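Participant: Fold the following, please.
(chains A, B, C and D)
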Protein chains: 2
Amino acid sequence: MTVTIRDVAREAEVSVATVSRVLNGKGPAHRETERRIQRVAKRLRYVPHGAARSLITRRTNTFGVLLPDLYGEFFSEVIRGIDLCARRGGFHLVVSSSHSDRAETEAMIRAMRGRVDGMIVLSPEETPPDLDSNLPKDFPAVLLNSAPLRGYDTIDIDNFGGAGAMVHHLYALGHRRIAFVCGPAGNRDASERMRGYRTAMRTLAGAETLEIPGDFGETAGYDACEKILKLRRRPTAIFAANDSMAIGLLCAFREADFLVPEDFAIAGFDDIPIARYVTPPLTTVRVPIAGLGERATRLLFEAVEGGAARRRRMDVLPTELIVRESCGASPARAPRPGSPIRKFRQT
Amino acid sequence: MTVTIRDVAREAEVSVATVSRVLNGKGPAHRETERRIQRVAKRLRYVPHGAARSLITRRTNTFGVLLPDLYGEFFSEVIRGIDLCARRGGFHLVVSSSHSDRAETEAMIRAMRGRVDGMIVLSPEETPPDLDSNLPKDFPAVLLNSAPLRGYDTIDIDNFGGAGAMVHHLYALGHRRIAFVCGPAGNRDASERMRGYRTAMRTLAGAETLEIPGDFGETAGYDACEKILKLRRRPTAIFAANDSMAIGLLCAFREADFLVPEDFAIAGFDDIPIARYVTPPLTTVRVPIAGLGERATRLLFEAVEGGAARRRRMDVLPTELIVRESCGASPARAPRPGSPIRKFRQT
DNA sequence: GCAGCTCATGTAAACGATTACAGAAGTGCT
DNA sequence: AGCACTTCTGTAATCGTTTACATGAGCTGC
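Facilitator: Numbers count the residues shown, from 1 in each chain, chains lettered A, B, ... in the order given. The predicted structure is shown next:
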């Protein structure tokens, strides 16, 4: 049906071995034969069959990436980091999202065997998927945003420290009633951020805790606003467990005609690219998202080359407090005289 | 090295054929044998080799997706649509971004042969990549956002019509000097949108055209603001060729203490998810982004099943004008009395 | 005139699965 | 007994490559 190396060989009146050698530039070949083979291959539109090739070479030059979901800027940035680094090493990517169904996730992992040389698994769940029973022994894999798992490299973010830093920042600005909009239950990033929030709040004199449920989506932030406005004793600052929810909050407060940061300080977490472009620009905790993907990929390259004996790594990437305007702490800008916003500020 | 079906067969004291049958649930098998094989397979951590399997079955259950770049919300939405539809049909995805280098793009296309059953190629360039010489004859492929290419299904967006609709909307709001922030040169979506802008402007009495270069990135929008403020004769409305640039504009005008929509009306194109959450919510042209991916995938399924004889399709998806607040035309909301924003509005 | 070399090419064995076909064993029926 | 039939299992071909090894031709140098 489709044209194979045999067809090229027959047409060019040589053996398949010669065709293979010529097309891969290995071994010696007569100038004339070479040209003939190239010409025939082009005419027949011959494209080598990847599966067949990687079956014999035991190399796919491909990495697998397993994500919980492809939605949102966070994941797209992670993939971007991975892709950048992978292509630099001449590798392709198989991306699969698993929709947080455990059985499906593990089925996907199995399906990658023989198609990829290594995997990056982004598993935000509290307990990482069972790689051991779904992958051959010593299969190179790196876990992202995950609890450590023996036998595999893991990369984690300092969610705990980042959340603590943000709480201290808000406290230093004079806020005492600081609400926290939680992430989804069972999500490790979410629970670590919450733990950071709680721990920090406990150490601060006069700090009043308030936790509002959420799920990392813009809508959850939007809904949280309503809940907050119903309270008798409203918080003065709201710390969302991620930027998407913070943006939802921003939007909701604007619609309700409240001002940020004057009426409420709002902070996020992640520093997704859009965060600096919203109004007001979002104070947040920067997570080196693309860097995360890049580092994972580098580790994976090491794992693929290093073999089984290699020592596993367990990195925790630092986060960084990014102060913009949504909490009222940015360095004062001089308003253009006579601009409407100036009057507004004087109100 | 890694465990194969032979190892399982040997350990379970049966032939490889039996192991294959049992593990795939095909053909009859003794209860006892079945259990034994399952047990051995689990103990040995046997995972079938994808390449080997798909070599003989001539099925990979995988689609390839070729993107120009993984950056930004647009592409992540497209992939999401594709993924959703593909997984519904039990298919995986190989995603590759090609960084707008033609040679690399075509190398990627070739590399997919034998690894995927079909491809979706998102080629925003003016001239689509040369699929014919890089794919076997009759290889199923769908082109997205592309000029029609014979032999392949193509899906396009009504960029021209959408841009025209936006211009008419702005004109109807009283704007006459309407600037357009262009997309990157050589990009088809960008040039079609520009063509729509120009054509519409030409038909409208008193409309003054102004074109500012751009590249679809937030920064380009940001920079466009500066250029506009330097003009003696400033436009009253600015139509950005995509939402990212519109968001950059929003941010820049806010920093320069101008008001949107009071001082400048700003419109975008795409309706990326974040567009309704920025301040003010962005008036834009909705492109059914995820739907685009979904439709492409459905076509691809058809192409894979339908074979070569199948008639190729050439769809153009409609766009929709989404009126929010960034052009001042939204249905008036009643400001909460006494809210600071109210005073501000009266200024 | 032949060993020894290089160069160009062919032969055939992998790689790890699936599956058509055949064979063996058991059962029921005439 | 013999036959047909079912049920289970094994043998071996196959998918499309790569590559170790063999082969043969042509050359050099003695």
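Participant: quick one: low-confidence parts of chain A?
Facilitator: A:1, A:70-71, A:99-100, A:330-347 (pLDDT under 70).
Participant: Can the longest helix along it be said to contact chain B?
Facilitator: Among all segments of chain A classified by DSSP state H, the helix with the greatest residue count is helix A:289-306. No. Counting by C-beta under 8 Å from any C-beta of the partner chain, chain B has no neighbours in helix A:289-306; the shortest distance is 9.5 Å. Where you see a C-beta, it was placed from the backbone N, CA and C, and this is true even at glycine.
Participant: Which elements pack onto that helix?
Facilitator: On a contact count with 3 or more C-beta pairs under 8 Å, 6 or more residues apart in numbering or on different chains; DSSP states H and E, helix A:289-306 meets helix A:73-88, strand A:118-122, strand A:141-144, strand A:153-157, strand A:314-317.
Participant: and the angle from that helix to helix A:73-88?
Facilitator: In terms of direction (axes from the mean of the first three to the mean of the last three C-alpha atoms, to 10 degrees), helix A:289-306 departs from helix A:73-88 by 40 degrees.
Participant: quick revisit: wait, which of the helices and strands packed on helix A:289-306 is closest to DNA strand D?
Facilitator: strand A:118-122 (19.4 Å; C-beta to the nearest atom of the strand).
Participant: With adjacent residues omitted, what lies nearest to A:Y171?
Facilitator: Nearest-residue entry for A:Y171: A:L204, 5.1 Å, with adjacent residues in sequence omitted and distances by C-beta to C-beta, 6 or more residues apart in numbering or on different chains.
Participant: can you give me phi and psi for the one you found?
Facilitator: Dihedral pair for A:L204: phi -100, psi 130, per degrees, to the nearest 10.
Participant: In contact with it, which residues are there?
Facilitator: A:167-168, A:171 (C-beta atoms under 8 Å, 6 or more residues apart in numbering or on different chains).
Participant: Tell me how far it lies from DNA strand C.
Facilitator: Per C-beta to the nearest atom of the strand, to the nearest Å, A:L204 is found 57 Å from DNA strand C.
Participant: and if you look at A:V304?
Facilitator: Using C-beta to the nearest atom of the strand, we find A:V304 at a distance of 16 Å from DNA strand C.
Participant: now the helix or strand A:Y197 falls within, how far from the chain's geometric center?
Facilitator: Element membership for A:Y197, per DSSP states H and E: helix A:188-203. Centroid separation for helix A:188-203 versus its chain: 21 Å, with C-alpha atoms, centre = their mean, to the nearest Å.
Participant: other SSEs contacting the very next helix or strand once past that helix?
Facilitator: Next in sequence after helix A:188-203, counting helices and strands by DSSP H and E, comes strand A:208-212. Helices and strands touching strand A:208-212, by 3+ C-beta pairs under 8 Å, 6+ apart, are strand A:177-181, helix A:188-203, helix A:218-230.
Participant: can you redo these as a markdown table with distance to B:G214 and mean neighbour count?
Facilitator: Below are those laid out as a markdown table (distance: least, C-beta to C-beta, whole Å; neighbours: other C-beta atoms under 10 Å in any protein chain shown):
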| stretch | distance to B:G214 | mean neighbour count |
| --- | --- | --- |
| strand A:177-181 | 35 | 25 |
| helix A:188-203 | 35 | 19 |
| helix A:218-230 | 26 | 19 |
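Participant: what would those look like in TSV with distance to A:I79?
Facilitator: Output for those, formatted as TSV (distance: least, C-beta to C-beta, whole Å):
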stretch	distance to A:I79
strand A:177-181	26
helix A:188-203	17
helix A:218-230	20
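Participant: Nearest to chain B, out of these?
Facilitator: Ranking the helices and strands packed on strand A:208-212 by proximity to chain B (C-beta to the nearest C-beta) places helix A:218-230 first, at 5.7 Å.
Participant: And chain B, is that closest one touching that?
Facilitator: Yes. Residues of helix A:218-230 contacting chain B under C-beta under 8 Å from any C-beta: A:E218.
Participant: Any chance you could list what contacts that helix?
Facilitator: With C-beta under 8 Å, 6+ apart, helix A:218-230 has contacts from A:179, A:181, A:212-214, A:234-235, A:238, A:240, A:244-253, A:256, A:264, B:273-274, B:277.
Participant: Just the buried ones from these?
Facilitator: Buried subset of these (neighbour count, 16 or more other C-beta atoms under 10 Å in any protein chain shown): A:179, A:181, A:212, A:214, A:235, A:238, A:240, A:244-253, A:264, B:273-274, B:277.
Participant: For DNA strand D, what is the nearest residue in the stretch 51-200 of chain A?
Facilitator: A:A52 (3.4 Å).
Participant: So what's the residue count around the residue of the stretch 151-300 of chain A found nearest DNA strand D?
Facilitator: Going by C-beta to the nearest atom of the strand, DNA strand D is nearest to A:L300 of the stretch 151-300 of chain A, at 22.2 Å. Residues contacting A:L300 under the criterion other C-beta atoms under 10 Å in any protein chain shown number 27.
Participant: Please verify my assumption that it contacts A:I120.
Facilitator: Yes. Using C-beta atoms under 8 Å, A:L300 is in contact with A:I120, at 6.1 Å.
Participant: where do the contact lists of those two overlap?
Facilitator: Common contact partners of A:L300 and A:I120 (C-beta under 8 Å, 6+ apart): A:63, A:141-142.
Participant: would you turn those into a markdown table with neighbour count and distance to chain B?
Facilitator: Output for the shared contacts of A:L300 and A:I120, formatted as a markdown table (neighbours: other C-beta atoms under 10 Å in any protein chain shown; distance: C-beta to the nearest C-beta, whole Å):
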| residue | neighbour count | distance to chain B |
| --- | --- | --- |
| A:F63 | 29 | 11 |
| A:A141 | 25 | 13 |
| A:V142 | 29 | 18 |
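Participant: Which residues of the stretch 51-200 of chain A lie near DNA strand D?
Facilitator: For the stretch 51-200 of chain A, the residues in contact with DNA strand D (C-beta under 7 Å from any atom of the strand) are A:52-53, A:55-57.
Participant: Would you list the buried entries among those?
Facilitator: Buried among these (16+ other C-beta under 10 Å): A:52-53, A:55.
Participant: Also near DNA strand C: which of these, exactly?
Facilitator: Restricting those to those near DNA strand C - C-beta under 7 Å from any atom of the strand - leaves A:52, A:55.
Participant: from the buried ones among the residues of the stretch 51-200 of chain A next to DNA strand D, which is closest to DNA strand C?
Facilitator: Taking C-beta to the nearest atom of the strand as the measure, A:L55 is the one of these closest to DNA strand C, at 4.0 Å.
Participant: Can you give me every residue that contacts the residue most central in space within chain A?
Facilitator: Computing the C-alpha centroid of chain A and ranking residues by C-alpha atoms, centre = their mean puts A:V78 first, at 3.3 Å. Contact analysis of A:V78 by C-beta under 8 Å, 6+ apart lists A:67, A:122, A:144, A:289-290, A:292-293.
Participant: try A:A241
Facilitator: Residues counted as contacts of A:A241 (C-beta under 8 Å, 6+ apart) are A:180-183, A:189-190, A:193-194, A:214, A:216, A:269.
Participant: ok, of those residues, which one's closest to A:S133?
Facilitator: Proximity to A:S133 was ranked across the contacts of A:A241 by C-beta to C-beta; first place goes to A:D189, at 25.2 Å.
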